[in-house]
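The following comprises the amino acid sequence and a computationally predicted model.
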Amino acid sequence: MSEIILSLDGVSKTFSGKPAVRDLSFTVRRGEITGFLGPNGAGKSTSLRMALGILTPDAGEVSLFGGRPRANALERVGFLPEERGIYRKMKVIDVIIFFARLKGVTPVDARRRGLAMLEEFGLADVADSKVKTLSKGMAQKIQIISTLIHDPEFIILDEPFSGLDPVNQKALEQIVRARAEAGATILFSTHVMEHAERLCDQIVLVAKGRKVFDGNVEAALAMIPRRVILETVSEQDLAQTFAPLGEVVQEAGAADGARRWLIDLGPGIDAQDVLKACVDGNIRLLRFEPARAHLHDAFVHLVETSGQFSNETLAGEAV
Amino acid sequence: MRAIYLIARREYLSYVATWGFWLSLASMPMFMALGFGLPILIESSQPTRYYALIDESGGALEAAIESQRSASRDARAEATREATAELLGDNPAIAAAIADAPEPAEKYIRVYPDVTDIETLRPYLLGEQTVETSDGPQPLFAAIYLRQAAGGAIDVEYWSTNLTDGELRSEIRRTLREYMQLNRLLESGVSPELVAAAGELTPTVRELNPERSAEAAEVTTAERLPIIVAIAVAFGLWIVIFSVVNMLLTAMIEEKGNKVLEMMLASSRHHEILTGKLLGVALVSTTLLLVWGGLAATVGLGLQQMPFAAELPLGEIMAAVLDPALVFPAIGYFIIGYLMYGAIFLAIGSLCETLQDAQTLMSPMMLIMMVPLFLVMVAADAPDSPIIVIASWVPLWTPFIMLARLPQDPALFDIIGTTVVMVATAAAVIWGAGVMFRMGALNQANQDTVKGWFRLGGKSKPG
């Protein structure tokens, strides 16, 4: 079992009587990429602020590198907040050096590393430009460089993909992977499940301040019924035929003369069992598609079963 | 400590790169130059006024006015000579320079138009026609008709389109009043010599300090210097604090708007950011004070090299400025005053996204800051006035008012008491500002939260 870098144990936080985080517990282990997922307002940013000691929890314990999150621990952490910005009137390289020095890097090293990272990010030619002359995407890259300049062993990214175009989102995913391969521990929050699904070893799902899941992606996906989509030309009502395999729903939208069925497979049933039932029942198939479950579906399912949200809320928030 | 140093350094360098800093740097010498130069400039830029004087009494009143105006000119010249001698001492070079100096230009010059009735002069007064003068054709500023009725009563008709410049009218009224009073005395049998002698009578006043022995009791002008210097220093501190806390506020709002604060919080703690910012701006203030002080010292030393200023009490002024009894309290009051106002303005800035947001919270603070500016002037004349004594106990005003009171030996209880209250308040203000800064930086509070505190019966709105 690898070392625990961060642990939250029964942490709660309330603002003006409104609970933002409720009895939240999870751990982040060295070398893992952990996704901290939830819709807007789920308490992700508040939890991350408590993890860093920026906010003090009303109840519960936070442990960072085995101790309370003190100022000296921040030197080992690179934190990219959701509300991020940089000094617009400063030169790019000076901003990077400033944040590097705050993290304990010497001026000479800060300049050297800053120039190298600007080169790596394709921004070497703007090193001496004022930040205010940069595009939004370039400025966000400078923020990321400022977060990573001191080569932190623990990287916390709060909604890092928001505001980035698809090209830069992909580039950031590559950076996250590269840092993880280099040995860094990464915790990032997002409400976009696709990023988490592609990147994470572990995920923590929160809704309305409460944890609804904590585990790996496969385990999360296993929490939701697998689904098979069938289209047949049979006039026969197949609901009874497939009923032993799981929950069957007929869905509109099939081609003329065809009927579409959605089968949410029951425990211990897999797509092969459905196919076998079709063959045994001599059902003429136009389409047979074992649907791949997505984290989004898992999230919706988990939250629904925890009774915290209505479907409408989730459809609007968890993209 | 490293974070505080780095933040302070960044703040300092970012401020000195702004126009606001250089404007502040130039403001003090600029205001001083304006303070000395503006009255002279205004005086010298006044246009010469041309007036017609028509004496319908036979010439006696006209003669009296001319005589009085001539005497006034001589008296003004004599007064200038005396004032210069008092200020610069008996300097033969200066006396010679003053004697050789050309007569100052007259503000009002009498002209003698060919016509005298008001209907004919009206176009000249309205600027439709002009009279010939040494400056070329000019409109008539005023036409003054003098009439003497039976029994010695004098009527003056003063015709002019200018309703604001009443100096000439007042001068003529004063002259004729003295003329009438003199005539009445002469008619009553008082000899002209006695009237003249009575006019010369004036008491000799010696100002003495009862704290000293009779021989050394006389109070000199130099003794008033500490009071004047203390007031000047109080004003200087006010200007410095006012300038830099505004810089602090606008920079804070800009930082909040740019979302930099949370990036900073990822690297340093709230108190480090707050302290670093206050320290950085304190260094800006120190730079301003050093530059202004250096400039004043340079000008003073330069003046001392000038022959005409050889006897200026520059030594006494410097001694008053550098008097430890003033310097140390001034440093203390500056630090505490700056910390109080700086922390408050930083907290306000952290609650606001824009300057418009800040204006509601700023207005009461600006009013509070303006009060000592007026009270310091009052404190110069009446340091023991109940209003001044009470006002000096208001912690936000203590640094300025007590500084102005110090050279006039306020009660020890006042000095210690106001200092204790001020320091305690400063500690409370800094603590409170820290809490507000922390909430504001993370958007847990905004200007509405503060407004909610002051809403009668209302609840504060969460940020």
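That came through fine.

Quick check: pLDDT value at the closest residue to A:Pro19 other than its chain neighbours.
Leaving out its chain neighbours, the residue that sits closest to A:Pro19 by CB to CB, 6 or more residues apart in numbering or on different chains is A:Gly209, at 5.5 Å. In this view, the C-beta of every residue, glycine as well, is placed from N, C-alpha and C. pLDDT recorded at A:Gly209 is 85.

for A:Gly209, what are its contacts?
With contacts defined as CB atoms under 8 Å, 6 or more residues apart in numbering or on different chains, A:Gly209 is in contact with A:Ser12, A:Pro19, A:Ala20, A:Val21, A:Arg22, A:Leu24, A:Ala42, A:Gly43, A:Thr46.

separation between it and chain B?
As judged by CB to the nearest CB, to the nearest Å, A:Gly209 and chain B stand 16 Å apart.

Between all of the contacts of A:Gly209, which two are separated the most?
Farthest pair in these (CB to CB) is A:Ser12 and A:Ala42. Separation: 14.1 Å.

Which residue of those two possesses the greater neighbour count?
A count of neighbours by other CB atoms under 10 Å in any protein chain shown puts A:Ala42 above the other of A:Ser12 and A:Ala42, at 28 against 18.

so what's the more buried one scoring on pLDDT?
Per the predicted model, pLDDT is 83 at A:Ala42.

What's the local residue count around B:Ala26?
12.

Tell me how far it lies from chain A.
Counting by CB to the nearest CB - B:Ala26 and chain A are separated by 21 Å.

Tell me which other helices or strands the helix or strand containing that residue touches.
Applying DSSP states H and E as the criterion places B:Ala26 in helix B:19-45. Secondary-structure packing of helix B:19-45 (3 or more CB pairs under 8 Å, 6 or more residues apart in numbering or on different chains; DSSP states H and E): helix B:221-257, helix B:270-305.

and B:Ala391, which of those helices is closest to it?
helix B:221-257 (12.7 Å).

just how off-centre is the helix or strand just after the closest one within its chain?
Later in the chain than helix B:221-257, the nearest helix or strand by DSSP H and E is helix B:261-265. Counting by CA atoms, centre = their mean, to the nearest Å, helix B:261-265 is centred 43 Å from the centre of its parent chain.

what about helix B:261-265 and chain A, touching?
Yes - for helix B:261-265 and chain A, the contact criterion (CB under 8 Å from any CB of the partner chain) is met by B:Leu261, B:Glu262, B:Met263, B:Met264, B:Leu265.

of the residues you listed, closest to A:Lys141?
Once CB to CB is applied, the member of the residues of helix B:261-265 next to chain A that ends up nearest A:Lys141 is B:Met263, at 14.1 Å.

give me every residue that touches that closest one.
Per CB under 8 Å, 6+ apart, neighbours of B:Met263: A:Pro81, A:Arg84, A:Gly85, A:Ile86, A:Phe99, A:Gln143, A:Ser146.

From B:Ser350, how far off is the nearest residue to the third one once chain neighbours are set aside?
Once its chain neighbours are removed from consideration, A:Gly85 has its nearest residue in B:Lys259; the separation is 3.2 Å (CB to CB, 6+ apart). B:Lys259 sits 13 Å away from B:Ser350, taking CB to CB, to the nearest Å as the criterion.

between the two, who's got more neighbours?
B:Ser350 (28 against 17).

Can you tell me the element that one falls in?
Going by DSSP H and E, B:Ser350 is in helix B:324-351.

looking just at contacts, which helices and strands does the next helix or strand after that helix meet?
Sequence-wise, the next helix or strand beyond helix B:324-351 is helix B:355-381, with elements assigned using DSSP H and E. Judged by 3+ CB pairs under 8 Å, 6+ apart, the packing partners of helix B:355-381 are helix B:221-257, helix B:324-351, helix B:386-392, helix B:398-405, helix B:447-454.

just to revisit the earlier point, by contact count, what packs against the helix holding B:Ser350?
Here helix B:324-351 touches helix B:221-257, helix B:270-305, helix B:355-381, helix B:398-405, helix B:412-441, helix B:447-454, going by 3+ CB pairs under 8 Å, 6+ apart.

and those helices, which is most packed in?
helix B:398-405 (a mean of 27; mean count of other CB atoms under 10 Å in any protein chain shown).

for it, the distance to its chain's centre please.
The chain centre lies 17 Å from the centre of helix B:398-405; the measure is CA atoms, centre = their mean.

now the angle from that helix to helix B:221-257?
Calculated by axes from the mean of the first three to the mean of the last three CA atoms, to 10 degrees, helix B:398-405 forms an angle of 170 degrees with helix B:221-257.

Need the CA coordinates for helix B:398-405. CSV is fine.
Taking Å, rounded to 0.1, in the frame of the first residue of the first chain, the C-alpha atoms of helix B:398-405 are listed here in CSV:
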residue,chain,number,x,y,z
THR,B,398,-4.9,60.5,17.1
PRO,B,399,-1.8,60.3,14.8
PHE,B,400,-2.5,63.6,13.2
ILE,B,401,-4.0,65.7,16.0
MET,B,402,-1.7,64.5,18.8
LEU,B,403,1.3,65.2,16.5
ALA,B,404,0.1,68.8,16.1
ARG,B,405,-0.6,69.1,19.9
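
average pLDDT across stretch A:226-243?
Stretch A:226-243 comes out at a mean pLDDT of 80.

With stretch B:421-428 instead?
On average, stretch B:421-428 scores 90.

Now tell me what touches that stretch from outside.
B:Ile336, B:Leu339, B:Met340, B:Trp393, B:Pro395, B:Leu396, B:Thr398, B:Pro399.

tell me which of these is nearest to A:Cys278?
Of all the contacts of stretch B:421-428, A:Cys278 sits closest to B:Leu339, with 80.5 Å by CB to CB.

Contacts only, for that closest one.
B:Leu278, B:Ala426, B:Val429, B:Ile430.

contacting residues for the residue nearest to A:Gly85?
By CB under 8 Å, 6+ apart, B:Lys259 lies in contact with A:Glu83, A:Arg84, A:Gly85.

What values do phi and psi take at A:Gln202?
phi -130, psi 150 (degrees, to the nearest 10).

Look at it and report its pLDDT.
Looking at A:Gln202, its pLDDT reads 88.

Equivalent analysis for A:Phe26, please.
Note on A:Phe26: pLDDT of 91.

Surely it and A:Lys211 touch.
Yes - using CB atoms under 8 Å, A:Phe26 makes contact with A:Lys211 at a distance of 6.4 Å.

any common contacting residues for those two?
Counting by CB under 8 Å, 6+ apart, the shared contacts of A:Phe26 and A:Lys211 are A:Val204.

residue ranges of the strands in the stretch 51-200 of chain A, please?
Using DSSP state E, counting those that start in this stretch, the strands of the stretch 51-200 of chain A run over residues A:59-64, A:77-80, A:154-158, A:185-190.

part of a strand, is A:Ser7?
Yes - under DSSP: H, G, I helix; E, B strand; the rest coil, A:Ser7 sits within a strand.

and the residue nearest to B:Ala343 when sequence neighbours are not counted, what is it in contact with?
Nearest residue to B:Ala343 in three dimensions, chain neighbours excluded: B:Ala433, at 3.6 Å (CB to CB, 6+ apart). Applying CB under 8 Å, 6+ apart, we find B:Ala433 in contact with B:Leu274, B:Ala343, B:Ile344, B:Leu346, B:Ala347.

I'd like the distance between B:Ala433 and B:Met439.
For B:Ala433, the distance to B:Met439 equals 11 Å [CB to CB].

got it, and B:Ala214?
65 Å.

And A:Ala59, what's its pLDDT?
A:Ala59 is given a pLDDT of 91.

backbone phi and psi for the nearest residue to it once chain neighbours are set aside, please?
Excluding the flanking residues, the one nearest A:Ala59 by CB to CB, 6+ apart is A:Ser12, at 4.4 Å. Main-chain torsions, A:Ser12, degrees, to the nearest 10: phi -130, psi 150.

Would you confirm that A:Gly85 contacts B:Asn258?
Yes - proximity of A:Gly85 to B:Asn258 meets the contact threshold set by CB under 8 Å, at 4.1 Å.

of those two, who's got more company?
Between A:Gly85 and B:Asn258, counting by other CB under 10 Å, A:Gly85 is the more crowded of the two (20 against 17).
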